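>>> Please work out how this folds:
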Amino acid sequence: MAFSDAADGDILGSEAERTDFANRLGIADRWATLEQVHGSRVVEVDAPGDHGQADAMFTSSRGLPLAIFTADCAGVVIHAPGAVGLAHAGWRGVARGVVSALVAEMRSAGFEPAMAQIGPSIGPCCFEVGPEVSGQFGEFTATTSWGSTSINLEEAIRKQLDGLDVWAVGTCTMHEPAWLSFRRDRTMGRMATVAWM
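Predicted coordinates:
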């Protein structure tokens, strides 16, 4: 499992930067990817390439890298004996239960999740939202560093991980320049969360 950062460049848009990143990790440069739509659909994959509209996937195929791309949303990796899963977890997907859906689909396929990692994402310090968003997050409503309403995306994701042992990067993409942030500078570049067995 690996998270790219701003210094790695645009891993979604640049084939050369993606290949360089894969080479440094010692993995294949052809990855299983999704057309990310901020939903909760989960697919099981066994080959590289685009697997359509979904925001989570898992595989039991050894050596197959799974990748999602973010610039404020979180990449969430779930490990199970015999499988690995990956979710694109922005506020819309989390509100729709994408992480819970991935846990459930892996269990249904016979892979019991054992632990998870949460990648970098926008933090409650900077994730200013309106009532139409905060109203969907209840106990995960927070306050920005300047006093407006925000949500704690990482804590909402932890809740959906159903008690798994979780490690998180614990950093804010918006105010820490080591990460790409769409909210900060409207970048079209994307970081990658890549997971494989």
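>>> just the helices in the chain please.
In the chain, the segments counted as helices under DSSP state H are 15-25, 91-95, 98-108, 131-134, 153-160, 182-185.
>>> Which positions in the last one come out as buried?
Judged by neighbour count using 16 or more other Cβ atoms under 10 Å, the buried positions of helix 182-185 are 182, 184. Quick note: C-beta positions are derived from backbone N, CA and C, even for glycine.
>>> could I get it in CSV with only the CA atoms?
These are the backbone C-alpha positions of helix 182-185, laid out as CSV (Å, rounded to 0.1, in the frame of the first residue of the first chain):
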residue,chain,number,x,y,z
PHE,A,182,-8.5,20.9,-5.1
ARG,A,183,-10.1,23.2,-2.5
ARG,A,184,-6.8,25.0,-2.0
ASP,A,185,-5.8,25.7,-5.6
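>>> Could you give the separation of that helix from the chain centroid?
The chain centre lies 17 Å from the centre of helix 182-185; the measure is Cα atoms, centre = their mean, to the nearest Å.
>>> Which residues does it contact?
With contact meaning Cβ atoms under 8 Å, 6 or more residues apart in numbering, helix 182-185 is reached by 71-72, 122, 126-127, 173-175.
>>> Give me the PyMOL select line for these, limited to the buried ones.
Listed next is the PyMOL selection for buried residues among the contacts of helix 182-185, using 16+ other Cβ under 10 Å:
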select buried, resi 71+72+122+126+127+173+174
